[in-house]
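In: From the sequence below, what's the structure:
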Amino acid sequence: MAALFISFILFSFIIDSGGPIGIRMLSLGIVFCVGTWNFFFKRKKIDIYFFISVLFLLFFSIIGFISAAVNGIDASAAYIWILPVVSVPVFYFFFISFSSENLVKGVVYTGWIFSVVILITFFSLYLLGESSVSIIQNYELPGWFYIRPDGYPQVYFQATLVLVLITIYSYFQGFKKSAFVFCFILLMCLSRFGFSTSIAFILLGAMGWILYIRKYITSIFIFQSAFFLIACLVMYLQVGMDYVMDGSGFHIREGHLISIFNTMSLDNLIIGMGPGSEVYSIGFEKLTDNIEISQLELIRKYGFLGYFIYTIALFFMLTSFVKKGKFAETYAIYGFYIASYSNPVLLSFSFSVFAGCFLATKARELKNKSDGV
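Out: Purely as a prediction, here's the structure:
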């Protein structure tokens, strides 16, 4: 029952992305009440790396409010984008109420529940057509649900990429059959980047290569974060005014990059345009408040200062996992970070709720659960 309750909490932030149904608010209320109680009355030793990570997340949130104020954005519009970030420690204090075994099972069960929902939606579209997803349309659940011109049912919930995190975590916690099912669901949703990221980690684990790099993941992460900035600058200088939109996903993202650097002032480059702000993207050919590359969205809303602070926060979070030997958590968070290059999910509740959950788990010996879920 504890694992199922954990699944309910996790799943509510996945399926109710954006909050149209209302169960996310119910879960937030439960998390806040229990988390506050645990903070004051349940003693828990917090390691220094976790503390520093939370401290930098709070700094990041302050930068967000300052940026919003400087850019004339109302605080009520800004806090929606900042709340998931400051919620990480609240989620942590909520999840310490449960055993690590139940937390692990809760994550795997969440993957199965989400997979079943995706399968039901997929076959409803396939057998009954687009009218079958009227419930989704009535509740305005964020995502894409339609029949493609080639007849293939497109099912893509806004939080679909969270299956990358769940897949990697399940595999390295020994639930390998489950991991392969979740990986297949990603492929069925036509999430090529998500599927590729998941299968890459699975192959690294299967061949044993992950053992040689796991202690260097934090260094790789820092190098990757710096390289992203250089790559953005080089791409902007190369493409520049020669950009031609052809409708492909890559060119859409190129359009985002060019639009952001053409629009942002010097002040924006330092502290961003502010959470809740909009930018005209030639990739979308319209105004948008959330482009498809999480890291670029970090720079747009919070500037290079915010990007650096958030990177440092994630660095210490990953360091906390590595120092405690929590490598399944390390791989899952890092894999999700890689997948976020293709979708704006890094500053979402879908990320922060799992980050809080993983911070609350304890390291355990990897057991062979080939006969498990």
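
In: For the rest of this, base every contact and every neighbour count on C-alpha atoms.
Out: OK.

In: What ranges does the stretch 51-200 of the chain have for its strands?
Out: Using DSSP state E, counting those that start in this stretch, the strands of the stretch 51-200 of the chain run over residues 143-147, 153-157.

In: meant to ask about the stretch 251-373 of the chain
Out: Listed in chain order (using DSSP E, counting those that start in this stretch), the strands of the stretch 251-373 of the chain are 279-281, 286-288.

In: Reformat these into a markdown table and put mean pLDDT next to each item.
Out: Output for these, formatted as a markdown table (pLDDT from 0 to 100):
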| stretch | mean pLDDT |
| --- | --- |
| strand 279-281 | 81 |
| strand 286-288 | 79 |
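
In: could you redo those as JSON lines and give each row distance to Pro20 and mean neighbour count?
Out: Listed next are these as JSON lines, based on distance: least, C-alpha to C-alpha, whole Å; neighbours: other C-alpha atoms under 10 Å:
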{"stretch": "strand 279-281", "distance to Pro20": "24", "mean neighbour count": "19"}
{"stretch": "strand 286-288", "distance to Pro20": "19", "mean neighbour count": "12"}
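
In: Which one, of those strands, ends up nearest to Lys176?
Out: Proximity to Lys176 (C-alpha to C-alpha) singles out strand 286-288 among the strands of the stretch 251-373 of the chain, at 38.7 Å.

In: So which elements touch the closest one?
Out: Counting by 3 or more C-alpha pairs under 8 Å, 6 or more residues apart in numbering; DSSP states H and E, the packing neighbours recorded for strand 286-288 are strand 279-281.

In: Where does Phe13 sit, in terms of helix or strand?
Out: helix 2-15 (DSSP states H and E).

In: quick one: which of the strands of the stretch 251-373 of the chain is nearest Ser87?
Out: Nearest to Ser87, of all those, is strand 286-288, at 24.6 Å by C-alpha to C-alpha.

In: so what strands line up beside that closest one?
Out: Strands that pair with strand 286-288, judged by DSSP bridges, come out as strand 279-281 (antiparallel).

In: residues making contact with the strand it pairs with?
Out: Defining contact as C-alpha atoms under 8 Å, 6 or more residues apart in numbering, one finds that strand 279-281 is touched by Gly255, His256, Ser259, Ile260, Thr263, Lys286, Leu287, Thr288, Asp289.

In: Same check on stretch 261-275?
Out: Contacts of stretch 261-275 with the rest of the structure, by C-alpha under 8 Å, 6+ apart, involve 63-69, 71, 73, 77-79, 81-82, 236, 279, 299-306.

In: sorry, back to before: could you dump the strands of the stretch 251-373 of the chain into a markdown table with distance to Tyr337 added?
Out: What follows is the strands of the stretch 251-373 of the chain, written out as a markdown table (distance: least, C-alpha to C-alpha, whole Å):
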| stretch | distance to Tyr337 |
| --- | --- |
| strand 279-281 | 23 |
| strand 286-288 | 22 |
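
In: so where's the protein uncertain?
Out: Across the chain, residues meeting the criterion (pLDDT under 70) sit at 19, 43, 137-139, 240-251, 283, 363-373.

In: how many other residues sit next to Thr121?
Out: The tally of other residues near Thr121 (other C-alpha atoms under 10 Å) stands at 20.

In: quick one: contacts for it?
Out: Shown here is Thr121, whose contacts under the criterion C-alpha under 8 Å, 6+ apart are Val133, Val155.

In: again, 10 Å this time
Out: Contacts of Thr121 were listed using C-alpha atoms under 10 Å, 6 or more residues apart in numbering, and they are Ser115, Glu130, Ser132, Val133, Ile136, Phe145, Pro153, Gln154, Val155, Tyr156.

In: Now the second one. Nearest residue, chain neighbours left out?
Out: Spelled out, that is Glu130. Using C-alpha to C-alpha, 6 or more residues apart in numbering and skipping the chain neighbours, the partner closest in space to Glu130 is Tyr146 (5.8 Å).

In: if I look at the one you found, how far off is Leu163?
Out: The spacing between Tyr146 and Leu163, counted by C-alpha to C-alpha, to the nearest Å, is 21 Å.

In: neighbour count winner among those two?
Out: Taking neighbours as other C-alpha under 10 Å, Tyr146 and Leu163 compare with Leu163 leading, 26 against 19.
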